[in-house]
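In: Got a sequence here, can you build the structure:
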Amino acid sequence: MTKIMIKRGQVIDGNGGVPLQNGVVVIENDLIVFVGNEGDYTDEVEEIIDVEGATIVPGFIDTHVHMMMEYSSVQNRLETPFSYKFYQAIEYMKKTLDAGITSVRDALGTDLGVKKAVEDGIVKGPRMQLSINALTITGGHGDGYTTSGQTVELLQADYPGMPDGKADGIEEVRKRTREMLRAGAEVIKVHATGGVLSATDHPEFTQFSLEELKVIVEEAKFRKGVKVMAHAQGAEGIKQAVKAGIHSIEHGIFLDDEAIELMKEHGTYLVPTLLAPVAVLELAKETGMPDSAVQKSKEVIEIHKASFTKAYKAGVKIAMGTDAGVMPHGTNLRELALMTEAGMTPMESIVATTKTAAECLGWEDKVGTLEVGKLADIVVVKENPLKDIASLADNNNIQLVIKDGKIVKNLMK
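Out: Numbering: from 1, shown residues only. As a prediction, this is how the structure comes out:
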């Protein structure tokens, strides 16, 4: 049983309190066994990692990613063999770990085999909570139908382990939800409104009836309380999702006062993904983003920030998520600077991507904070993120990443 001490760092434990200066974290195998002052620790250790002047934080959590994709042009997608995306995902997962992200909630596109490959140590990647595929309506966000009459999906579905998500009417919705659960979904994803990247709808369009959304929540609950996450951008769709009992609102672009009050009343999480529309505008030419997506991003970007600020000030629970895959994997922590620009303090943004994110995933008993008994997911950052939160976006600043007690990145050698 190997004990490793990480010493002489500023310890930000994820709970939001005053950091511990010159603190130590001790891990044994895959668990944290001590957090505190070095003088208070009396047992022997087999290895010491001296991080003098650096900051020790919990492994970061991104609650909205797409590990099996990075946005590319239609032509590129049509020219790429189906199985190639699995090999691309190996690099995406490595970049995610290199950014200090040790846990993710995959918001569609990753199947159970990819998660098992990570868990079995065949490939390196973050701990994953899977949604498998998203439920959507015919003609809605997630339906790859184009105005030419052709269908071009962002990610191919309807192969073994990846059921198609299109459903219309209560019984189809019920069946599709059951199919996702059968395929290994640990959270159900539903598109409750239109979106930026879909060609035939708009973010304010409402998808699914309240009754259909309630059926999704009901079916999920039958599986030992599986939660539902909703892509929801327009105010009416957001309100319907919250009323139906959905656990988290993804994006939340057009939040109004009523939606915010409902979210507070129901304890609904907001996963803002502020980086997503920013990335659409930055990468439009390079990745072949459709003109409709560019125009919609320009339309919503300031509204999105204002909605985040209103929700934050009102006390809505906010968990960090990025929509990684729309932008390159490994750039996830850019989101924290955007959150601080919209009102959070640097410490609050760190809590949003550690403690609160773990709570959103239902994993607060094992990750999210540096506490005795939790899994040893630990990141060492060269610069002080409380002084410069944007420094976390530089992966060279992420010096050491430990997941499950194993070093998966080390720039400190």
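In: Can you give the contact residues for the helix or strand of the chain with the lowest mean pLDDT?
Out: Lowest by mean pLDDT, DSSP states H and E among the helices and strands of the chain is helix 74-79, with a mean of 86. Outside of helix 74-79, the residues within contact range by CB atoms under 8 Å, 6 or more residues apart in numbering are V152, L154, G288. C-betas here are computed from N, CA, C, even on glycine.
In: ok, so of the residues you listed, who is nearest G245?
Out: Within the contacts of helix 74-79, the smallest distance to G245 is 27.8 Å, found for L154 (CB to CB).
In: Now do the strands in the stretch 251-400 of the chain.
Out: 269-271, 317-318, 378-381, 398-403 (DSSP state E, counting those that start in this stretch).
In: now those strands in CSV, with distance to T110 and mean neighbour count?
Out: What follows is the strands of the stretch 251-400 of the chain, written out as CSV (distance: least, CB to CB, whole Å; neighbours: other CB atoms under 10 Å):
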stretch, distance to T110, mean neighbour count
strand 269-271, 17, 26
strand 317-318, 24, 20
strand 378-381, 23, 25
strand 398-403, 17, 24
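In: Of the ones you listed, which is nearest G109?
Out: strand 269-271 (16.6 Å).
In: re the thing from before, what is the mean pLDDT for the helix or strand following the least confident helix or strand of the chain?
Out: Next along the chain after helix 74-79, taking DSSP states H and E as the criterion, comes helix 84-98. Averaged over helix 84-98, pLDDT sits at 97.
In: quick one: contacts of helix 84-98?
Out: 62, 65, 67-70, 104, 110, 114, 118, 123-126, 155, 324-325, 328-330, 332, 395, 398, 401, 403, 408-409.
In: Please list only the buried members of those residues.
Out: 62, 65, 67-70, 104, 110, 114, 118, 124-126, 155, 324-325, 329-330, 332, 395, 398, 401, 403, 408-409 (16 or more other CB atoms under 10 Å).
In: Helices - which of those land there?
Out: Mapping the buried ones among the contacts of helix 84-98 onto helices (DSSP state H) picks out V114, V118.
In: Do you have the helices of the stretch 201-350 of the chain handy? List them.
Out: 210-221, 235-244, 257-266, 275-287, 291-314, 334-341, 346-352 (DSSP state H, counting those that start in this stretch).
In: returning to what we had before: from the middle of its chain, how far away would the least confident helix or strand of the chain be?
Out: Helix 74-79 sits 26 Å away from the centroid of its parent chain (CA atoms, centre = their mean, to the nearest Å).
In: mind listing what's buried in it?
Out: R77.
In: again with stretch 41-54
Out: Under 16+ other CB under 10 Å, the buried positions of stretch 41-54 are Y41, V45, I49, V51, A54.
In: for V65, what are its contacts?
Out: Each residue near V65 by CB under 8 Å, 6+ apart is listed here: T96, V104, R105, D106, A107, G321, T322, D323, A324, G325, H329, N332.
In: go again using 7 Å as the cut-off
Out: V65 is in contact with V104, D106, A107, T322, A324, G325, counting by CB atoms under 7 Å, 6 or more residues apart in numbering.
In: how many neighbours does the third one have?
Out: Think A107. When neighbours are defined as other CB atoms under 10 Å, A107 has 28 of them.
In: Apart from its chain neighbours, what residue comes closest to it?
Out: Once flanking residues are discounted, A107 sits nearest to H64: 4.9 Å by CB to CB, 6 or more residues apart in numbering.
In: thinking again about what came up before, distance to Q240 and pLDDT added to the contacts of V65, as JSON lines?
Out: Compiled in JSON lines, those are given as follows (distance: CB to CB, whole Å; pLDDT from 0 to 100):
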{"residue": "V104", "distance to Q240": "27", "pLDDT": "99"}
{"residue": "D106", "distance to Q240": "24", "pLDDT": "98"}
{"residue": "A107", "distance to Q240": "19", "pLDDT": "98"}
{"residue": "T322", "distance to Q240": "25", "pLDDT": "98"}
{"residue": "A324", "distance to Q240": "27", "pLDDT": "98"}
{"residue": "G325", "distance to Q240": "26", "pLDDT": "96"}
